[in-house]
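Undergrad: Fold the following, please.
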Amino acid sequence: MKKWHLPREWRQRHPRIDRMLRAMGARKKRLISGFVLLAHGVGALTSVQAIMETRTAQGAVAWAVSLNTLPYVAVPAYWIFGRSDFKGYVTARRSQREELAEFWRDFEHQLEDQGLVLPRDRPGPFVTEQLAKLPATTGNDVELLVDGDATFDSIFQGIARAKDYVLVQFYIIHDDSVGRALRDALVERARAGVRCLVLYDEIGSSLPDPYLKSLREAGVRILPFNTTKGEANRFQLNFRNHRKIVVVDGREAWVGGLNVGDEYKGLDPEVGYWRDTHLRVEGPVVQSVQVSFAEDWHWAAKEILGGLQWTPRPAASGAAVGMQCLPTGPVDPLETCTLFFLHAINTAKERLWIASPYFVPDQQFVSALQLAALRGVEVRILIPDESDSTMVNLSGWSYVPELQQVGIEVYRYTKGFMHHKVTVIDDRYCTVGTANFDNRSFRLNFEITMAVDDPGFTARVASMLERDFGDARLIAPGELEAKSGWFRFWVQASRLAAPVQ
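TA: Residues are numbered from 1 along each chain as shown. Purely as a prediction, here's the structure:
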């Protein structure tokens with residue numbers, strides 16, 4: 001197709017306009033050339049930062065190539081999604097200048113005096129205090145809460161018992177029937193003189209002003225976690241506070257997979273049945289959950305939380321369950337979440353069951369799972385049959401053949417949407433928390449995991465998972481290979497994006 005030009009006669013009759021148009025064309029070419037040079041220059045400089053700061057070699061290579069070849073797309077994408085280190089957040093218990101650190105040292109001394117610390121030479125995957133920076137304690141009691149009705153009934157009853165304070169933190173809070181029930185419970189306690197503090201993630205939650213106003217007018221302090229606070233984090237959407245925590249009076253705590261919304265009780269007709277798990281805990285492990293909230297509050301509110309209960313007390317039931325709380329996130333100097341779950345996999349001797357709605361592990365986890373199976377461990381993976389993320393669903397398929405190759409069984413849950421994050425290791429250990437088996441939970445999100453060292457409770461969790469396996473279908477060998485070529489192509493293509501899923 002020929003380019004369109006002004007007629008020669010017209011240009012001769014209007015030489016001034018012709019010169020102006022030619023100058024404009026030359027200026028446009030210079031602007032385009034300048035933009036291209038600038039974009040590639042910024043891309044090259046940003047790729048240096050990506051190589052220096054990206055935690056995995058695969059991620060560094062992917063960013064470096066894309067930043068230098070397609071900087072127009074990759075540079076803004078890196079500013080929004082690329083970084084793996086969260087700037088400015090200080091873990092208060094690690095700082096000698098913080099008031100919280102003094103409370104925490106006193107707490108640890110009291111644990112020792114009361115004999116509430118698990119022996120440090122105890123075998124098993126969860127006595128990893130150097131990693132968690134929190135003690136593994138005994139004297140705890142733990143209740144397994146299956147699905148939304150049991151979880152929210154327990155949480156709301158606990159809030160109603162509050163005499164001194166309530167700490168609430170969720171990734172998602174909706175303004176729906178469940179969200180308004182939480183609001184009403186907090187308003188009632190605040191008007192009764194109980195201090196109520198709420199943190200929510202502004203990426204996961206979108207709360208309308210009337211909802212926030214009704215809480216604040218009743219005296220509830222509610223704040224977004226604010227993952228974009230600070231110059232270095234201004235454009236980042238990569239980091240999310242994925243924790244789900246409720247603490248009442250420093251004596252009871254709730255942690256698990258459920259956020260606050262109708263879908264988590266199975267009330268959303270588009271989602272249907274929602275399968276999830278939460279824990280209610282009592283005992284000295286509650287202070288470990290509380291310190292996680294206090295550190296997040298310190299970031300969001302720029303203040304140290306005073307007036308919290310730091311005196312450890314054994315569970316009123318007399319139970320002596322061993323537990324450890326593991327808050328993890330992008331501020332950790334080590335990849336705490338990664339190392340914890342790798343340690344758990346590597347210590348399994350007989351059984352390793354993993355339930356995760358988002359199963360997109362990196363190669364080190366695939367290798368660890370394969371090694372577990374090769375040494376005779378029964379390894380089962382439970383994932384949803386229908387995911388709320390197409391890419392996660394496709395990526396999950398890509399791991400099936402290499403897991404099946406060593407005898408690992410992969411199940412797809414068919415009764416509804418499975419959202420809980422649960423592991424069982426042998427007959428003694430289990431975890432329930434917020435961390436998925438994906439790069440985002442291992443490296444980018446603020447997460448919290450409760451690890452339990454108790455044969456009786458682990459048996460209850462294993463029985464729960466047995467029922468889930470009964471509501472799932474085992475993926476048959478060769479099932480992926482039998483699918484269409486296009487499906488298998490998109491499975492492999494989706495896996496390329498695993499580091500940001």
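
Undergrad: Pull up the per-residue confidence for Glu202.
TA: Note on Glu202: pLDDT of 87.

Undergrad: count of residues packed around it?
TA: 16 (other CB atoms under 10 Å). All C-beta spots, glycine's among them, are computed from the backbone N, C-alpha and C.

Undergrad: Next one: it from Gly261, what distance?
TA: Distance, Glu202 to Gly261, by CB to CB, to the nearest Å: 16 Å.

Undergrad: repeat for Glu447
TA: 19 Å.

Undergrad: Which one of these two is surrounded by more residues?
TA: Comparing Glu447 with Gly261 by neighbour count (other CB under 10 Å), the higher total belongs to Glu447, at 26 against 23.

Undergrad: And what about the more buried one, helix, strand or coil?
TA: Secondary structure for Glu447, judged by DSSP: H, G, I helix; E, B strand; the rest coil, is strand.

Undergrad: Bridging across strands, which residues link to it?
TA: Thr328 (DSSP bridges).

Undergrad: for it, what are its contacts?
TA: Contact analysis of Glu447 by CB atoms under 8 Å, 6 or more residues apart in numbering lists His242, Arg243, Pro327, Thr328, Gly329, Cys337, Gly433, Thr434, Ala435, Ser441.

Undergrad: For the residues you listed, point out the one with the lowest pLDDT.
TA: Out of the contacts of Glu447, that is Gly329, at 86.

Undergrad: shouldn't that one be in contact with Thr449?
TA: No: the pair Gly329 / Thr449 is not scored as a contact, 11.5 Å apart, by CB atoms under 8 Å.

Undergrad: who touches both of these two?
TA: Common neighbours of Gly329 and Thr449 (criterion: CB under 8 Å, 6+ apart): Cys337.

Undergrad: burial count for Gly478?
TA: 11.

Undergrad: Hmm, I typed the wrong one, I wanted Val247.
TA: 28.

Undergrad: Write down the beta-bridge partners of the residue lying closest to it once chain neighbours are set aside, one by one.
TA: Of all residues not flanking Val247 in the chain, Leu167 sits nearest, at 4.1 Å (CB to CB, 6 or more residues apart in numbering). For Leu167, the beta-bridge partners are Leu197, Val247 (DSSP bridges).

Undergrad: What helices and strands are in contact with the top strand by length along the chain?
TA: Secondary structure assigned by DSSP state E gives strand 137-146 as the longest strand of the chain. If you count contacts as 3 or more CB pairs under 8 Å, 6 or more residues apart in numbering; DSSP states H and E, strand 137-146 packs onto helix 147-161, strand 277-282, helix 285-301, strand 321-328, helix 455-470.

Undergrad: Looks like Tyr165 contacts Leu308 (just checking).
TA: Yes: with contact defined as CB under 8 Å, Tyr165 reaches Leu308; the gap is 7.1 Å.

Undergrad: Find residues that contact each of those two.
TA: Common neighbours of Tyr165 and Leu308 (CB under 8 Å, 6+ apart) are Gly250.

Undergrad: so is Asp106 in a helix, a strand, or just coil?
TA: Quick answer, by three-state DSSP: Asp106 is helix.

Undergrad: Tell me how many other residues crowd it.
TA: Neighbour tally, Asp106, other CB under 10 Å: 13.

Undergrad: so what's it up against?
TA: Counting by CB under 8 Å, 6+ apart, Asp106 has contacts Trp310.

Undergrad: again with Val146
TA: Residues near Val146 by CB under 8 Å, 6+ apart: Thr277, Met464.

Undergrad: how close does it get to Gly416?
TA: 13 Å.

Undergrad: ditto for Arg195
TA: Counting by CB to CB, the gap from Arg195 to Gly416 is 37 Å.

Undergrad: How about Trp310?
TA: Counting by CB to CB - Trp310 and Gly416 are separated by 41 Å.

Undergrad: go on, Val406?
TA: 30 Å.

Undergrad: The two: which is more packed in?
TA: Between Val406 and Gly416, Gly416 has the larger neighbour count (other CB under 10 Å), namely 18 against 13.

Undergrad: Check the burial of the closest residue in space to the more buried one that isn't next to it in sequence by counting its neighbours.
TA: Of all residues not flanking Gly416 in the chain, Tyr273 sits nearest, at 2.9 Å (CB to CB, 6+ apart). By other CB under 10 Å, 12 other residues sit near Tyr273.
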